[in-house]
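Colleague: Requesting a structural model of the entry that follows:
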Amino acid sequence: MAILGGQHQRFIRAPRFDEFDFTPTATPVPINVPASSRDYEQNDAELTETTSELNETQMQLGPASLGGVSATFRKSNVSVSYNDYYVNVDSNGRVYATNDTYGSDYEANLIVSFPLLAKNIKVGVSKSGGTISRTFRGFRPGSLRAYLWEQMRQRVGIDDGNGYVTREATTMNIFNARSWANETVTRNPNHVLADIDLSACPVFNSWNTAYGRGGGVLITPLSMIAARHYAPNSTNHVVMFASAAGVVYKRTIVSVRNTSTASTGRDVRICKLDSPLPPDIVPAKVLPKNYLSYLPGANTTPRIPFFYTDQNKQIFTGYAILSDSASASTWSGSSTAYSGRSSHPWFKALVDGDSGSPTLLAINGQLVTLGLPMYATPSGSFLSGLEYDLINSNLATSGDTGRLTNVDLSSFTTYSA
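Modeller: The predicted structure follows:
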């Protein structure tokens, strides 16, 4: 046998997979993650999320080397249920979770690499023990909800430390005087909605002895809506309107139509007048059918500030939830915006005779109505939901060429409905 250079030739064999142990060898190590807080936006709301102390588990992979050959570690992927979950791997092979993995266990897929050799392994990571609390801070500037909250704050106050406007005759009465017999009215220039044209709200009517109950609201120059469960139940009743300047107009109801044969949650009656009202009586507008693009989460809290009237033509305020279903569209009012807020002193439960009085939003100086109250809470049918197309089709059937008019919301931020 020939000897090269007087020494034996040595060959180095690459390691085989089965010669390496890729399983995690260290006991998982729990550590404490400090509490944290962050501000974020969700649709039109500004929120603060506070996280209590968490327990995080770190897993040590091993061995980090075999026979003097070092390994490197890197993340391949991780199976997660939402985007803000991360798995980190340090140079020593410690695998740990970061960010919002509250109370969850996940499995990270890692690549462990040696020279000439690499293998995927799975390692469990977790965080537990933390709780999340979310605090509402306000609404995003430019949103319709922020605007409506500011309208209430400026006009009657909101419990934000600035106090409330005193609820008294000079701030809540729409009229200083009105007379059915003399057909005269004197508007109150000092009430909290005095800058809004309320001529769509009738002053008197003949379908009850008090001449003011169940008033309704004008939606076209030729038609008004009233509460179906209340009145008017027949034609030939007289209703009185007054312009912003106090000019009085009387009209006779010549037809009444209900939007549905249902009764619960479908409390809308369309009343056609004998002739159109002049331009100084301005019909109320409504929210567009795509209102959720401007008021996301309208069926949840915080509720939407709104104003409403009663049979005595006085103004009150509350917070509304808007709800749509296949069988009914409703709004319901409350004295509080959400749990934990104090009851608004301008809120009042309605009584018999208040049904049909207009609900009001003040948007860009215009009267917008949600609908008419039906119950004492108050609550009632929501015009911009299921009733919207039904009202318009009934207007057409009655011979009225007018239709519901949407308030222009183009100046407000839009969201995904």
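
Colleague: Show me where the stretch 51-200 of the chain dips below the pLDDT cut-off.
Modeller: The model of the stretch 51-200 of the chain has pLDDT under 70 over residues 58-87, 89-106, 108, 114-116, 160-161.

Colleague: any idea what sits nearest the most centrally placed residue in the chain, other than its immediate chain neighbours?
Modeller: For the chain, Gly297 is the residue whose C-alpha lies nearest the centre (C-alpha atoms, centre = their mean; 2.6 Å). Spatial nearest neighbour of Gly297, excluding adjacent residues (C-beta to C-beta, 6 or more residues apart in numbering): Asn43 at 6.2 Å. C-betas here are computed from N, CA, C, even on glycine.

Colleague: Any idea how many residues pack against the one you found?
Modeller: For Asn43, the neighbour count with other C-beta atoms under 10 Å is 15.

Colleague: Would you agree it is in contact with Thr414?
Modeller: No - using C-beta atoms under 8 Å, Asn43 makes no contact with Thr414, being 10.5 Å away.

Colleague: Show the contacting residues for the residue nearest to Gly297.
Modeller: Contacts for Asn43 (C-beta atoms under 8 Å, 6 or more residues apart in numbering) come out as 296-297, 415.

Colleague: Save the residues you listed as CSV, and put in distance to Met374, pLDDT and secondary structure too.
Modeller: Formatted as CSV, those follow (distance: C-beta to C-beta, whole Å; pLDDT from 0 to 100; DSSP: H, G, I helix; E, B strand; the rest coil):
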residue, distance to Met374, pLDDT, secondary structure
Pro296, 26, 95, coil
Gly297, 24, 92, coil
Tyr415, 29, 95, coil
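
Colleague: what about stretch 173-186, distance to the chain center?
Modeller: 38 Å (C-alpha atoms, centre = their mean, to the nearest Å).

Colleague: Using PDB, write out every CA atom in that stretch.
Modeller: The C-alpha trace of stretch 173-186 is given here as PDB (Å, rounded to 0.1, in the frame of the first residue of the first chain):
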ATOM      1  CA  ASN A 173     -90.500  75.600  25.000                       C
ATOM      2  CA  ILE A 174     -90.700  75.900  21.200                       C
ATOM      3  CA  PHE A 175     -93.500  78.500  21.400                       C
ATOM      4  CA  ASN A 176     -94.100  81.300  23.800                       C
ATOM      5  CA  ALA A 177     -97.800  81.300  22.800                       C
ATOM      6  CA  ARG A 178    -100.100  79.500  20.400                       C
ATOM      7  CA  SER A 179    -103.800  79.600  19.700                       C
ATOM      8  CA  TRP A 180    -105.900  77.100  17.800                       C
ATOM      9  CA  ALA A 181    -108.900  79.300  17.800                       C
ATOM     10  CA  ASN A 182    -107.100  82.400  16.600                       C
ATOM     11  CA  GLU A 183    -104.700  80.500  14.400                       C
ATOM     12  CA  THR A 184    -101.700  82.400  15.800                       C
ATOM     13  CA  VAL A 185     -98.300  81.400  17.200                       C
ATOM     14  CA  THR A 186     -95.400  83.100  18.800                       C
END
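
Colleague: what about the strands in the stretch 101-250 of the chain?
Modeller: 104-114, 117-128, 132-139, 175-179, 184-187, 204-205, 217-220, 223-227, 238-242, 248-258 (DSSP state E, counting those that start in this stretch).
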